[in-house]
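1. Turn this into a model:
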Amino acid sequence: MNKAPIIALATATALSLFAAPFAAAATPADQLVLASNMSSMRGLDPHELNQLESAEVVANLYERLVVLAADKISEPQPGLAESWSVSPDGKTFTFKIHSGVTFHSGNSLTAKDVEWSLRRLVKLGLAPSTDLRQWGFSADNVDTLIRATDDATLVVETPEVWNANLILFSLASFSTSILDSAFLADKEKDGDMGRAYLQTADAGSGPYALRSWRSNELLIADAFKDYWQGAPAMRRVLIRHMPESSAQRLQIEAGDIDVATRLSSTDLNALDAGGKVTIQKTPGFGFYYLALNQKDEILSKPKVREAFRYLIDYDGLAGTVMKYYGVKQQTIVPAGLPGASSENPYTLDIDKAKALLAEAGYPDGFSKVYYATPVTPEYEVAQSLAANAAKAGIKLDLQGGDHIGKFRARDFELFSARSGERLPDPHAVLNSYATNADNADAAKLTGLLAWRSAWDVPREIQDMVTAAAHETDASKRADLYTRINAAYLAASPALITSFQRTDAKAVRNLVKGYVGHATWLTRWDTVTKAE
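-> Sure thing, here's the model as predicted:
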């Protein structure tokens, strides 16, 4: 049977539900409707994407070996792996795979699919591959180290001994989603292992199957009736591209959408006071950061870096644009994790910044180009910084836009955005912010914020980060992270943190079971609606 007319009809029907932008028509009782800015959703291959909105979709199209529940984020639980064991030497993990799991294609999921998927992630070598490559897996060794010994058993052998939870946390990330290897074998083009196909399609076993996706318009996912844990209550989930905060606010107030995202603080305040929605603030393992390129002669001076720390209006931002989007934090270990600190020694101090600039040899300031992500709240934070810098004599040419490519290529002067690490462990942040094994341009360690900033991180800090990742004793790890936290703060880092991120969403009160997830894996199959 040709499915194309059915898909076209479904898409047309879904679009017709929202043809009148602000018509007050409640969403269907068996459908979940989300509004999102989809402009950064470039594809849905879980081994390629590295972005929150896409990750939530992938979290529901695919399954992973291990699960991290939203309310027990640091406790690995069984997913596709019904159980696992770790060898006495701490290097070999053996997973028993659930039987009776079916892919959307109808194929049965086996350990062979898990083997192929994890090997594919490493061999593609794209940004998400860091979740496995950082433990020593490479294209040269992965076929030996990750292997299915039969249809129900997968063995993962690490080249070195690491803290076991780091491996399990990685296997719970969206990046380690399990793909239908037999189905994708027919979709491969020029050895891409199905990468082109998966930009706009899925090959998963999750509770939802992708029905259609129109870039910057609409995504539709239908409940998978043969899902191994039972068919979801919401038979369909729709994501509408709606980048304007005001439009989202109007439509959630009217009942036309169930979940609104990336709203301005003004609109969140209004919705919070209205009583029809709940504002979820989900703590994340990342920060709002300012990167200063250390290839720049001026920005590489420690006193200049320190001066910028006094140009951020931490308290003013905390009570306004960051009220829902972050918690003030100037240290590098996220709150709630071992080694975290509540110390915040910096405040907005223009005179102090001027004095540091003068000591660095720039009493009259200087001019630089400043790239900032043009979304809420990042751009408002950037505007505040630029205004304060001007008072200290620093002229920042603030340019909004998609400049992430320049940042990854180290072709920038100042850049600010937010990070979102996927492992509920200090190492996830520290590996990116506080390690840089090779600061040469040719190294292309693009997954690390420190490398992108060309910051040659002090060796003392890097050595402690590595030691903590290998440490199996919890108290010794916590002590190392406490020391790293203090050393990073004292180093006048090239990556300045201001707020630990929280992800704010407005959810209609009738929607139950839609729960924000710190590692971006919010589930849709737990959702119900009740007036």
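
2. where does the stretch 51-200 of the chain dip in pLDDT?
-> Of all residues in the stretch 51-200 of the chain, none has pLDDT under 70.

3. nope, the chain is what I meant
-> In the chain (pLDDT under 70), the answer is 1-25, 531.

4. which parts of the longest strand seen in it are buried?
-> Ordering each strand of the chain by length in residues (DSSP state E) puts strand 277-292 first. Neighbour counts using 16 or more other Cβ atoms under 10 Å place 277, 279-292 of strand 277-292 among the buried residues. In short, each C-beta sits where N, CA and C put it, glycine included.

5. any idea which element the residue lying closest to residue 225 once chain neighbours are set aside lies in?
-> Leaving aside its sequence neighbours, residue 225 sits nearest to residue 231 (Cβ to Cβ, 6 or more residues apart in numbering; 4.9 Å). If you go by DSSP states H and E, residue 231 is not part of any helix or strand.

6. what's the neighbour count on the nearest residue to residue 281 once chain neighbours are set aside?
-> Closest residue to residue 281 apart from its sequence neighbours, by Cβ to Cβ, 6+ apart: residue 502 at 4.6 Å. The number of residues packed near residue 502 is 19, by other Cβ atoms under 10 Å.

7. SS state for residue 502?
-> Secondary structure, DSSP: H, G, I helix; E, B strand; the rest coil: residue 502 is strand.

8. what do you get for residue 238?
-> At residue 238 the chain is in strand, as set by three-state DSSP.

9. So what's the residue count around residue 470?
-> Neighbours around residue 470, by other Cβ under 10 Å: 13.

10. Quick check: the residue most central in space within the chain vs residue 361, distance?
-> With the centre of the chain defined as its mean C-alpha position, the nearest residue by Cα atoms, centre = their mean is residue 420, 4.0 Å away. Using Cβ to Cβ, to the nearest Å, we find residue 420 at a distance of 37 Å from residue 361.

11. do the same with residue 232
-> From residue 232 across to residue 361, the span is 62 Å (Cβ to Cβ).

12. in the stretch 351-500 of the chain, which spans are helices?
-> 378-391, 404-408, 426-433, 449-452, 459-470, 474-490 (DSSP state H, counting those that start in this stretch).

13. can I get the ones you listed in CSV with distance to residue 416?
-> As requested, the helices of the stretch 351-500 of the chain are exported to CSV (distance: least, Cβ to Cβ, whole Å):
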stretch, distance to residue 416
helix 378-391, 5
helix 404-408, 10
helix 426-433, 14
helix 449-452, 11
helix 459-470, 22
helix 474-490, 18
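
14. Can you get me a residue count around residue 478?
-> 18.

15. Check the one 4 residues further on too.
-> Summarising burial for residue 482: neighbours were counted as other Cβ under 10 Å, giving 15.

16. next one: residue 497
-> 26.

17. Could you give the number of residues near residue 149?
-> What residue 149 shows, counting by other Cβ under 10 Å, is a neighbour count of 11.

18. wait, I meant residue 144
-> Residue 144 has 9 neighbouring residues, counting by other Cβ under 10 Å.

19. same thing with residue 314?
-> 17.

20. Roughly how far does it sit from residue 529?
-> From residue 314 to residue 529 the distance is 40 Å (Cβ to Cβ).

21. Same check on residue 152?
-> To residue 529, residue 152 is 37 Å away according to Cβ to Cβ.

22. Which residue of the two possesses the greater neighbour count?
-> residue 529 (20 against 14).

23. and that one, how far is that from residue 208?
-> Taking Cβ to Cβ, one finds residue 529 at 16 Å from residue 208.

24. same deal with residue 473?
-> Distance of residue 473 to residue 208, given as Cβ to Cβ: 41 Å.

25. now do residue 334
-> 30 Å.

26. likewise residue 106?
-> Distance of residue 106 to residue 208, given as Cβ to Cβ: 16 Å.

27. Settle it for me: which of those two has more neighbours?
-> Set residue 106 next to residue 208 and count neighbours by other Cβ under 10 Å: residue 208 wins out with 28 against 9.

28. residue contacts, the closest residue to the more buried one other than its chain neighbours?
-> Once flanking residues are discounted, residue 208 sits nearest to residue 221: 4.0 Å by Cβ to Cβ, 6+ apart. Residue 221 makes contacts with 57, 60-61, 208-211, 236-238, 524, as judged by Cβ atoms under 8 Å, 6 or more residues apart in numbering.

29. possible to save these as CSV with distance to residue 267 and secondary structure?
-> Listed next are those as CSV, based on distance: Cβ to Cβ, whole Å; DSSP: H, G, I helix; E, B strand; the rest coil:
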residue, distance to residue 267, secondary structure
57, 24, helix
60, 26, helix
61, 29, helix
208, 28, strand
209, 33, strand
210, 30, strand
211, 30, strand
236, 26, strand
237, 23, strand
238, 21, strand
524, 24, coil
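
30. which among these gets closest to residue 438?
-> Relative to residue 438, the closest of those is residue 57; by Cβ to Cβ it sits at 34.4 Å.

31. Tell me how many other residues crowd that closest one.
-> Residues lying near residue 57 (other Cβ under 10 Å) number 28.

32. wait, what's in contact with it?
-> By Cβ under 8 Å, 6+ apart, residue 57 lies in contact with 41, 44, 210, 219, 221, 239.

33. of all those residues, which two lie farthest apart?
-> 41 and 221 (13.2 Å).

34. give me the number of residues near residue 471?
-> 18.

35. Double-check it against residue 480; I have them as touching.
-> Yes - with contact defined as Cβ atoms under 8 Å, residue 471 counts as touching residue 480 (6.5 Å).

36. What segments of the stretch 1-150 of the chain are strands?
-> For the stretch 1-150 of the chain, the strands defined by DSSP state E, counting those that start in this stretch cover 31-36, 66-69, 72-78, 81-86, 92-97, 146-150.

37. sorry, back to before: and the direction of the longest strand of the chain versus that of strand 72-78, what angle?
-> What separates the directions of strand 277-292 and strand 72-78 is an angle of 100 degrees, with axes from the mean of the first three to the mean of the last three Cα atoms, to 10 degrees.

38. got the angle for strand 277-292 vs helix 378-391?
-> Compare the direction of strand 277-292 with that of helix 378-391 by the same axes, to 10 degrees and you get 40 degrees.

39. after strand 277-292, next one along is what?
-> Following strand 277-292 in sequence, per DSSP H and E, is helix 302-309.

40. Using PDB, write down the CA coordinates of that following helix.
-> Output in PDB follows, covering the C-alpha atoms of helix 302-309 (Å, rounded to 0.1, in the frame of the first residue of the first chain):
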ATOM      1  CA  PRO A 302      44.800  37.300  32.400                       C
ATOM      2  CA  LYS A 303      43.900  40.700  33.800                       C
ATOM      3  CA  VAL A 304      41.700  41.400  30.700                       C
ATOM      4  CA  ARG A 305      39.900  38.100  31.200                       C
ATOM      5  CA  GLU A 306      39.500  39.000  34.900                       C
ATOM      6  CA  ALA A 307      38.100  42.400  33.900                       C
ATOM      7  CA  PHE A 308      35.300  40.800  31.900                       C
ATOM      8  CA  ARG A 309      34.100  39.000  35.100                       C
END
